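[1] for reference, the sequence and a predicted model appear below.
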Amino acid sequence: MNKKLKVGWFSFSCCEDSTILFMELMNDHYEEWLKLVDFKASRILKAKNDETDLDVAFVEGAIASKKDEKKLKELRKNSKKLVAIGSCAVTGMPSAQRNEFDAEKTKEISFLVERFKLAKKVVPLSKIVKVDASVPGCPMDEKVFLKLFNDLMIEFGVKNA
Ligand code: SF4
């Protein structure tokens, strides 16, 4: 089998701890993944990224602006499968905390919302695009991620069951 799983890893509004966890998993899985996975886009891994024609887009973080909404829709178009990574991507929280602010706090932060052209509400990925699978947890549940990643390699024919 010479085919590789074409993968992209993306982060929106969040603390990026699942990305760090993903990097830590590389310590144990790099040799295997190098043979089976083409990391076409991952800003933590490489400077030159190709975000087109992906088998799987792993997406961390919640969506907090029109700009991010547009980017997420692009990723959806360019990926056969889109996976929400971590609680912020799956449920919006904790990145979406400002949705719950009272009127006073909302007013206090309004200059920042304006300055950074943010949306009124922060939303999970599924509010914008179809999500094919989710890895819950804050940060993501490592075991769920590893099983899903393995299943995707089998589903896309880069690895035998
Ligand atoms: S789910 Fe938790 S670890 Fe992941 S980005 Fe959100 S706050 Fe950070």
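    Yes, it's here.
[2] now the helix ranked longest in the chain: mean pLDDT?
    In the chain, taking DSSP state H as the definition, the longest helix is helix 17-36. Here helix 17-36 scores 95 as its mean pLDDT.
[3] mind listing what's buried in it?
    Neighbour-count burial for helix 17-36 flags 18-19, 21-22, 29, 33, 36 (criterion: 16 or more other C-beta atoms under 10 Å). The way it works is simple: take the backbone N, C-alpha and C, and place the C-beta from them, glycine included.
[4] which parts of the chain are helices?
    Using DSSP H, helices in the chain cover 17-36, 66-77, 86-91, 103-115, 142-155.
[5] before we move on, the earlier item: list the helices and strands the longest helix of the chain packs on?
    strand 5-11, strand 54-60, helix 142-155 (3 or more C-beta pairs under 8 Å, 6 or more residues apart in numbering; DSSP states H and E).
[6] do that helix and the ligand come into contact?
    Yes - in terms of C-beta under 6 Å from any ligand atom, part of helix 17-36 sits within range of the ligand, namely 17-18.
[7] show the low-confidence segments of this protein, by residue range.
    The model of the chain has pLDDT under 70 over residues 1.
[8] spell out which parts of it neighbour the ligand.
    Residues of the chain lying near the ligand by C-beta under 6 Å from any ligand atom: 14-15, 17-18, 60-61, 86-88, 94-95, 138-139.
[9] at 5 Å what do you get?
    For the chain, the contact set with the ligand under C-beta under 5 Å from any ligand atom comprises 14-15, 17-18, 86-88, 94, 138-139.
[10] can you put the buried residues of helix 17-36 in TSV and add distance to Phe156?
    Converted to TSV, the buried residues of helix 17-36 look like this (distance: C-beta to C-beta, whole Å):
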residue	distance to Phe156
Ser18	22
Thr19	22
Leu21	23
Phe22	19
His29	17
Trp33	14
Leu36	10
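[11] which one of those sits closest to the ligand?
    Closest approach between these and the ligand, by C-beta to the nearest ligand atom: Ser18, at 4.7 Å.
[12] so that closest one sits against Ala84, correct?
    No - using C-beta atoms under 8 Å, Ser18 makes no contact with Ala84, being 10.3 Å away.
[13] what separation is there between the nearest residue to Trp9 once chain neighbours are set aside and the ligand?
    Sequence neighbours aside, Ser42 is the residue nearest to Trp9 in space, at 4.2 Å (criterion: C-beta to C-beta, 6 or more residues apart in numbering). Per C-beta to the nearest ligand atom, to the nearest Å, Ser42 is found 16 Å from the ligand.
[14] much appreciated, bye for now.
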